[in-house]
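[1] my questions are about this predicted structure, shown below with the sequence.
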Amino acid sequence: MPGLAAALVAVVVSLLVHSVVPMLPAMTIAVVLGIAAVNLPGTAVLCEGPWRAGLNFSGKHLMRVGIVFLGLKLSLGDVMNLGWVSVALIVGVVLLSFAGTYALGKLFRLEGDTPLLIATGFSICGASAIGAMAAVKGTKHSDTVLPVALVTLCGTLAIGVLPLLMNPLGLNPLQFGQWVGAGVHDVGQVVATAQTAGAVALSAAIIVKLTRVMLLAPIVGVVGGMERRRHSRLAQAAVAADPHADVSQTPRFPPVIPLFVLGFLAMIVLRTSGWLPAGLVEAGATAQDVALGAALFGLGASVRIRELLRTGVRATIMALCSWVLIAALAFGAVHLMSV
């Protein structure tokens, strides 16, 4: 309870700061507060002691709750209004971003599931996608900390850098919004970046971004299927090596699509159906902000600056390379959309 209470207080503070300074996304503020909490002498002891269980619970379980409610922001009708060419280009950007970032992770020799988690977060929807992929891969909670920190860093850089490039690159507000939606990682970061160019840019950015978010379920499903086959092969190899082995003790197969991702899909269907009253959709958006904010505070409270500087320099350089790659792919897609 103490850790959950601290996370919820951090969410309130994040939302208040965002209401005063809209340029700062509430989710980014939540991560920063978590990082500050675990690195400042006064609160570091609490993060390592009485708060730890609640912070870990927030980072894992409330993240999944937030992903479910994220589905209420998506309507298939909005996506179809983009046209098949635009949708195909957005899908292409996501797939190339995923493949390129994963290849960069391998090139920079990042360990374990880190390349996969960074690729998922950067190409789809930030920390939410990282949480979903970690669940299907069975990745330890502690191993999601670095990818979340990197997606927060690069998304925050986008808020300050991309608006400065709008005029030099010759982008009108519509094109700028499409570029932001196709190239910036987290939904909140997209909103904060695109709103600098006005309502047209913001609307375009949100629609393109949410189209990317819809690819969360199929990509997680593909990786889940591959992971399940891998476990099956390992189990068969174990039986072949020792026919008398106790197969009841082998780990259970991971789900192809986690239950909370199915919940995410169900929410998309409900939103698309038009059955939900506007008030309920708004309540779902608030629930998503609270759940994801608490989750990101919990994850941020696991980022120790000294360890990050010692072990995360190579990953940070790789993430910045990926950020440039995705921005370039998105820029090319925007020009193709305008043809």
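    Arrived safely. Numbering: from 1, shown residues only.
[2] which residues touch the strand or helix carrying Ala103?
    Under the criterion of DSSP states H and E, Ala103 resides in helix 84-107. Here helix 84-107 makes contact (C-beta atoms under 8 Å, 6 or more residues apart in numbering) with 79-80, 82, 114-116, 118-120, 122-124, 182-183, 208, 211-212, 215, 219, 318, 321-322, 325-326, 329-330, 333, 336-337. Every C-beta, even on glycine, is put in place using the N, C-alpha and C of the backbone.
[3] ok now that helix, how far from the chain's centre?
    The chain centroid and the centroid of helix 84-107 are separated by 15 Å, computed with C-alpha atoms, centre = their mean, to the nearest Å.
[4] quick one: the residue nearest to the spatial centre of the chain and Val38, what's the gap?
    Residue closest to the average C-alpha location in the chain (C-alpha atoms, centre = their mean): Gly126, at 2.1 Å. Per C-beta to C-beta, to the nearest Å, Gly126 is found 20 Å from Val38.
[5] ditto for Gly138
    25 Å.
[6] pLDDT score for the residue nearest to the centre of the chain?
    Looking at Gly126, its pLDDT reads 80.
[7] not counting sequence-adjacent ones, nearest residue to it?
    Closest residue in space to Gly126, ignoring its immediate chain neighbours: Asp186 at 3.3 Å, by C-beta to C-beta, 6 or more residues apart in numbering.
[8] please identify the helix or strand for the closest residue to Phe260 other than its chain neighbours.
    Setting aside the residues directly before and after it, Phe260 is nearest to Arg64 in space (C-beta to C-beta, 6+ apart), at 4.0 Å. Following DSSP H and E, one finds Arg64 within helix 63-70.
[9] CA atoms of that helix as PDB?
    Extracted in PDB, the C-alpha atoms of helix 63-70 (Å, rounded to 0.1, in the frame of the first residue of the first chain):
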ATOM      1  CA  MET A  63       0.800  -1.000 -16.800                       C
ATOM      2  CA  ARG A  64      -1.400  -3.800 -18.100                       C
ATOM      3  CA  VAL A  65      -4.600  -2.000 -16.800                       C
ATOM      4  CA  GLY A  66      -3.400   1.100 -18.700                       C
ATOM      5  CA  ILE A  67      -2.900  -0.900 -21.900                       C
ATOM      6  CA  VAL A  68      -6.500  -2.200 -21.700                       C
ATOM      7  CA  PHE A  69      -7.900   1.300 -21.300                       C
ATOM      8  CA  LEU A  70      -5.700   2.600 -24.100                       C
END
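[10] quick check, Pro22 in contact with Ala194.
    No: counting by C-beta atoms under 8 Å, Pro22 does not reach Ala194; the two are 11.7 Å apart.
[11] those two: which is more packed in?
    A direct count of neighbours by other C-beta atoms under 10 Å for Pro22 and Ala194 places Ala194 higher, at 30 against 13.
[12] show me what contacts that one?
    Going by C-beta under 8 Å, 6+ apart, Ala194 touches 176-177, 180-181, 201-202, 204-206.
[13] just the ones of these in strands?
    Residues of those located in strands (DSSP state E): none.
[14] quick one: which of those has the most company?
    Val180 (34 neighbours).
[15] residues contacting that one?
    By C-beta under 8 Å, 6+ apart, the contact list for Val180 reads 158, 162, 190, 193-194, 201, 205, 208-209.
[16] same question, Ala182
    Contacts of Ala182 (C-beta under 8 Å, 6+ apart): 90, 93, 208-209, 212, 329-330, 333-334.
[17] look up the pLDDT of it for me, please.
    So Ala182 comes in at 90 (pLDDT).
[18] quick one: buried residues of the host helix or strand of Ala328?
    Ala328 belongs to helix 313-337 when assigned by DSSP H and E. By 16 or more other C-beta atoms under 10 Å, the buried positions in helix 313-337 come out as 315-316, 318-319, 321-323, 325-327, 329-334, 337.
[19] what packs against it?
    helix 84-107, helix 114-120, helix 145-165, helix 173-183 (3 or more C-beta pairs under 8 Å, 6 or more residues apart in numbering; DSSP states H and E).
[20] what does the second one contact?
    For helix 114-120, contacts defined as C-beta under 8 Å, 6+ apart pick out 97-99, 101-102, 104-106, 110, 129-130, 132-134, 137, 139, 143-144, 146-147, 150-151, 219-220, 223, 315, 318-319, 322.
[21] show the buried residues in the residues you listed.
    Using 16+ other C-beta under 10 Å as the burial test, the contacts of helix 114-120 include 97-98, 101-102, 104-105, 110, 129-130, 132-134, 137, 139, 144, 146-147, 150-151, 219-220, 223, 315, 318-319, 322 as buried.
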